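Novice: Sequence and predicted model, in that order:
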Number of protein chains: 2
Amino acid sequence: MKLDNSNSNGQMSIAADVTPPNNSDDADEAFVPPLNFAMVDNGIFRCLCPEPYPETTAEFLKASGIRLYQFGIDGCKEPFVNIPNDKIREALKVVLDVRNHPVLIHCKRGKHRTGCLVGCIRRLQRWCLSSIFDEYQRFAGAKARVSDQRFIELFDISSLKHNPLSFSCSKK
Amino acid sequence: MKLDNSNSNGQMSIAADVTPPNNSDDADEAFVPPLNFAMVDNGIFRCLCPEPYPETTAEFLKASGIRLYQFGIDGCKEPFVNIPNDKIREALKVVLDVRNHPVLIHCKRGKHRTGCLVGCIRRLQRWCLSSIFDEYQRFAGAKARVSDQRFIELFDISSLKHNPLSFSCSKK
């Protein structure tokens, strides 16, 4: 388990093998998904989470044997430093590895860093850009950034082509 | 196959056994999901589609052997007539029947009628209301309606309790 909860300026996190609070035993207990929570594809989920990473969440992950991968990416405002290509690439490898599924991708707002990573997943799934941006904007709302969308558009997927990712509703 | 493309004022449609245009054979061909497209849960998708139902889409469904279920529900503006409880209940039965999966739920904007149906699915999955409304609002944006959210909140799931629907990230 990699559990780095040190004091950092910005993180995008991936929790692998996500299970919700134990609600399946009691059908009357409410299930409380975090805000901006959604299913990206089979085994891949997204949401926002507070920053710095909440200690109780970290403890829950540790107690549940859930691996936490963290990627230091500043959720900085525009004018923008570049989104670190190498961090997104590392994160993609974790997300695409089905041995890690189910995974939960999360950052402070669930908009920009998570939105960029999900956009790159859609590139690998061969989604057209207008649909990728439609999804990005749905989660980013008024906070949508052209720079994020430019990053997604220019992200080089050629080195990842050996790892194609079909969308779950594609013909098998 | 039930394919009713008659001239109606408003429809919510469910296409069962959805397959995208044949893109899996050619990894370089772009996959073009419709606007407001998203995965609701394993085997359940949502989007908007033009209204009246496009003839080319109806022909594609017919040629592909995809069943189309249509539920006449006006996508009317506020002040609001009631959303027909019985239609939503009928639609839920189609969506919850895994023999129909994968299914695509769609209406003109993918916001109100589809949003109400997805909200009722979340009620069955025991999501808390704040998370249900968060999802509803993400798709409805500035067009979100209190009346839709009230419908979701008041929808009586007791008669559907024999058909519990666990969320796909719940423990099996």
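Specialist: Sure thing, it's come through.
Novice: Is the residue nearest in space to the middle of chain A bridged to anything, and to what?
Specialist: Residue closest to the average C-alpha location in chain A (CA atoms, centre = their mean): A:I105, at 2.7 Å. Beta-bridge partners recorded for A:I105 (DSSP bridges): A:I14, A:R46.
Novice: Might one say that it is in contact with A:G115?
Specialist: No: if you go by CB atoms under 8 Å, A:I105 and A:G115 don't touch, sitting 9.8 Å apart. (C-beta placed from N, C-alpha, C; glycine too.)
Novice: which residues does the residue nearest to the centre of chain A contact?
Specialist: Residues near A:I105 by CB atoms under 8 Å, 6 or more residues apart in numbering or on different chains: A:12-14, A:40, A:44-47, A:91, A:95, A:114, A:117-118.
Novice: what's the closest of these to chain B?
Specialist: Nearest to chain B among the contacts of A:I105 is A:F45, at 6.1 Å by CB to the nearest CB.
Novice: Count the residues that sit near the closest one.
Specialist: Neighbour count of A:F45, defined by other CB atoms under 10 Å in any protein chain shown: 21.
Novice: neighbours around the spatially closest residue to it that is not a sequence neighbour, how many?
Specialist: Here the nearest residue to A:F45 in space, its sequence neighbours aside, is A:L104; by CB to CB, 6 or more residues apart in numbering or on different chains that works out to 4.7 Å. Using other CB under 10 Å, A:L104 has 24 neighbouring residues.
Novice: Phi, psi for the nearest residue to A:C128 once chain neighbours are set aside please.
Specialist: Among residues not flanking A:C128 along the chain, B:A30 sits closest, at 4.3 Å (CB to CB, 6+ apart). B:A30 adopts backbone torsions of phi -70, psi 150, taken as degrees, to the nearest 10.
Novice: Please report the distance of A:Y53 from A:A142.
Specialist: Distance check for A:Y53 against A:A142: by CB to CB, to the nearest Å, it reads 26 Å.
Novice: So if I had to pick from these two, which one is more boxed in?
Specialist: A:Y53 (22 against 7).
Novice: and that one, what helix or strand is that in?
Specialist: In the assignment (DSSP states H and E), A:Y53 maps to no helix and no strand.
Novice: Surely it is in contact with A:S13?
Specialist: Yes: using CB under 8 Å, A:Y53 is in contact with A:S13, at 6.7 Å.
Novice: Could you name every residue contacting both of these two?
Specialist: A:Q70.
Novice: Sketch out the helices for chain A, chain order is fine.
Specialist: A:55-64, A:85-96, A:113-124, A:129-140, A:146-154 (DSSP state H).
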